[in-house]
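sequence first, then the predicted structure:
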2 protein chains.
Amino acid sequence: MKVSKQKAAENRARIVTEAARLFREKGLSGIGVDALTKAAGLTHGSLYSRFDSKEQLMAEALAEALKRSAVTLYPPDAATTPGAFETVIARYLSPTHRDTPGTGCALAAVGCEVARHGPAARQVLTEGLWNSAGRLSAVLPDQARPVDAKTDEALAVLASMVGALILARAVDDSSLSDRILNASQRRIIDTATQKP
Amino acid sequence: MKVSKQKAAENRARIVTEAARLFREKGLSGIGVDALTKAAGLTHGSLYSRFDSKEQLMAEALAEALKRSAVTLYPPDAATTPGAFETVIARYLSPTHRDTPGTGCALAAVGCEVARHGPAARQVLTEGLWNSAGRLSAVLPDQARPVDAKTDEALAVLASMVGALILARAVDDSSLSDRILNASQRRIIDTATQKP
DNA sequence: ATTATCTATAGATCTATAGATAATGC
DNA sequence: ATTATCTATAGATCTATAGATAATGC
């Protein structure tokens, strides 16, 4: 049942990619190694020749998830475009993002669970948060401020975005869910744009 | 091994209370019925004479968690006090709240997980969110606005609070954690107080 | 010969149920 | 007699390991 080196590398990559999606969709404790490897077309036993543990796969999968979603949610070329900030916020707080956690922001998908997991996953999430905050900082309306002030605002705005998406996904009422997204989007944009 | 009716009622209440704490501390999937009943001084078999399932206990426990934390986090008598809004935000985004999830806001403790659980738990969380938003609305600085505008702001501010607490708990870096809390607190208060 | 994957399984844990036990409360 | 709780266990699932298998690549 051996495959070529290239194929084996592809299989490994596919496990990580599928895990990046499934951990976000089902939660860190909501999916097991059996389902994770099956999604990549392999059997569960084959996982442990490449990963020390589920925890290690989790860390790699979260790193990939954060890397990919950062490119989609915070496109780096948008920094100079006018209205880039509004576009980023509107995309993050869209019904589409709410309804597709498997390809979305990992901070919102597994934020609560990561606090109770191993150091590898937490470290990866922390780096992803810094990266998101940096990209967000680059599109903030008032670019003339000191870097510390912009980072503070980026962290606070990011927290608002993550909280709104989590609550919009948690509630059992679609009109309330929409309202949380819309009210948060409006408040973030108004308060960031408005100069004292 | 039978106990008096009164004692039995106390035992049931103690299971719910302990579950309210443990679900918040360990997560909805992070603790089983064995540990939940053991924490109340009973054995796991005794749970099913009172609760249909773990899911039902979860819904009751979340209801109690939300009810108790609302009293602590949004004291109803604070509405008329000057500076009530700032106090509520500062208490919610304090290191103490971050470090004691077992007695804190259930929205932040299990928000991500609830989206993947049964309808009973989601409904309870939705009611708890409305309740929190209502209490928050009552202490917003500008009380002269229409009720819809105040509700929108309360929902958006609540999302910020929940997101900041979740991220502060998730990251593996205590100075970043503090910074998320402080930056969010300052931004929420500044943007709510400041009149255009 | 090496090695990527599979099969089989160990050992732990989890939810739920059935029947036994023993104290309450009529 | 009733019933709150316990003991024992079923059946499922989960992580991880060991050895078998079969195709690659020297």
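Cool, the structure landed.

so where does A:His117 fall, helix or strand?
Using DSSP states H and E, A:His117 is not contained in any helix or strand.

how about the one 5 residues further on?
Using DSSP H and E, the element containing A:Arg122 is helix A:119-137.

and whichever helix or strand comes after that helix, is it in reach of chain B?
Sequence order places helix A:147-170 as the next helix or strand after helix A:119-137, per DSSP H and E. Yes: interface with chain B: helix A:147-170 contributes A:152-153, A:155-164, A:166-167, A:169-170 (CB under 8 Å from any CB of the partner chain). To be clear about C-beta, it is placed using only N, CA and C from the backbone, and glycine gets the same treatment.

rewinding a little: what comes into contact with the helix holding A:Arg122?
For helix A:119-137, the surrounding residues in contact (CB atoms under 8 Å, 6 or more residues apart in numbering or on different chains) are A:28, A:55-56, A:58-59, A:62-63, A:66-67, A:70, A:73-74, A:76, A:88, A:105-107, A:110-111, A:114-115, A:147, A:150-151, A:153-155, A:157-158, B:167, B:170-173, B:176.

make a ChimeraX selection of the buried ones in these.
Burial among these is assessed by 16 or more other CB atoms under 10 Å in any protein chain shown; the matching ChimeraX selection reads:
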select /A:28,58,59,62,63,66,70,73,74,88,105,106,107,110,111,114,115,150,151,153,154,155,157,158 /B:167,170,171,172,176
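
point me to the residue of chain A nearest DNA strand C.
Using CB to the nearest atom of the strand, the single residue of chain A nearest to DNA strand C is A:Gly45, 2.1 Å away.

and that residue, how far from A:Ala59?
According to CB to CB, to the nearest Å, A:Gly45 and A:Ala59 sit 21 Å apart.

from one end of stretch A:91-108 to the other, what's the distance?
14 Å (CA to CA, to the nearest Å).

ditto for stretch A:69-87
One end of stretch A:69-87 to the other measures 15 Å (CA to CA).

mind listing what's buried along it?
Buried residues in stretch A:69-87, defined by neighbour count with 16+ other CB under 10 Å: A:Ser69, A:Ala70, A:Leu73, A:Tyr74, A:Pro75, A:Ala84, A:Phe85, A:Glu86.

which one of those is nearest B:Arg21?
A:Ser69 (33.3 Å; CB to CB).

residues touching that closest one, list them.
Counted by CB under 8 Å, 6+ apart, A:Ser69 has contacts A:Thr103, A:Gly104, A:Cys105, A:Ala106.

quick one: A:Thr37 and A:Val16, what's the gap?
Using CB to CB, A:Thr37 is found at 11 Å from A:Val16.

tell me which of these two has more neighbours.
Of the pair A:Thr37 and A:Val16, A:Thr37 is the one with more neighbours under other CB atoms under 10 Å in any protein chain shown, namely 22 against 19.

ok, the more buried one - contacts?
Here A:Thr37 is in contact with A:Ile15, A:Thr43, A:His44, A:Ser46, A:Leu47 (CB under 8 Å, 6+ apart).

need the worst-confidence member of these.
Lowest pLDDT of these: A:Ser46, 89.

nearest residue to that residue in space, please, no chain neighbours.
Closest residue in space to A:Ser46, ignoring its immediate chain neighbours: A:Thr37 at 6.3 Å, by CB to CB, 6 or more residues apart in numbering or on different chains.
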